[in-house]
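**Student:** please work out how this folds:
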Amino acid sequence: MKKKTEKTPAKKSAAKPARVVRKARVYIQSTFNNTIITFTDLEGKTLCWGSTGAAGFRGTRKHTPFAATTAMNAVAKKGKMLGIREMEIYIKGPGSGRDAALRALKAAGFKMDLIADVTPIPHNGPRPRKARRT
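**Tutor:** Here you go, the predicted structure:
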């Protein structure tokens, strides 16, 4: 008779150790249709992110200030789990979620070292239309 061999369970790969980051950068990109929030470390590596679409909003509700607040609360919760305490904030774009996302971040209890508006502004603008023929 053959000897019964016991199967050893497959070894699970070791889980990646959670990164603990004290200081981070927050990029808030607010367009007319969406608000995208990204938490990065000081080197620029993404730690966590979220958007109004990822928070469950669709269509015209996606660009509202309430949607931006909800998305920021979800991302701030992830950031707290990573150990983030203080941050630099960079806001970009003309959307309605800019101020609401900033207020939600302040309410979450983070220490803000810097708030910068990095919205690109054209110095020259587009090429003008050709002159009208008379």
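
**Student:** every contact and neighbour count from this point should use C-alpha atoms.
**Tutor:** Fine.

**Student:** hmm, residue 97 is touching residue 36, no?
**Tutor:** No. Checked against Cα atoms under 8 Å, the pair residue 97 and residue 36 is beyond contact range at 9.4 Å.

**Student:** residues that sit against both of those two, list them.
**Tutor:** Shared contacts of residue 97 and residue 36, defined by Cα atoms under 8 Å, 6 or more residues apart in numbering, are found at residue 30.

**Student:** neighbour count: the two, which is higher?
**Tutor:** Set residue 97 next to residue 36 and count neighbours by other Cα atoms under 10 Å: residue 97 wins out with 30 against 22.

**Student:** can you name the residues that contact the more buried one?
**Tutor:** By Cα under 8 Å, 6+ apart, the contact list for residue 97 reads 30, 34-35, 63-69.

**Student:** now distance to residue 113, pLDDT and neighbour count too, for the residues you listed, in CSV please.
**Tutor:** CSV is the format used below for the contacts of residue 97 (distance: Cα to Cα, whole Å; pLDDT from 0 to 100; neighbours: other Cα atoms under 10 Å):
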residue, distance to residue 113, pLDDT, neighbour count
30, 21, 94, 24
34, 26, 93, 24
35, 22, 94, 29
63, 27, 89, 22
64, 27, 93, 19
65, 23, 93, 20
66, 25, 94, 18
67, 25, 94, 24
68, 21, 94, 34
69, 20, 94, 22
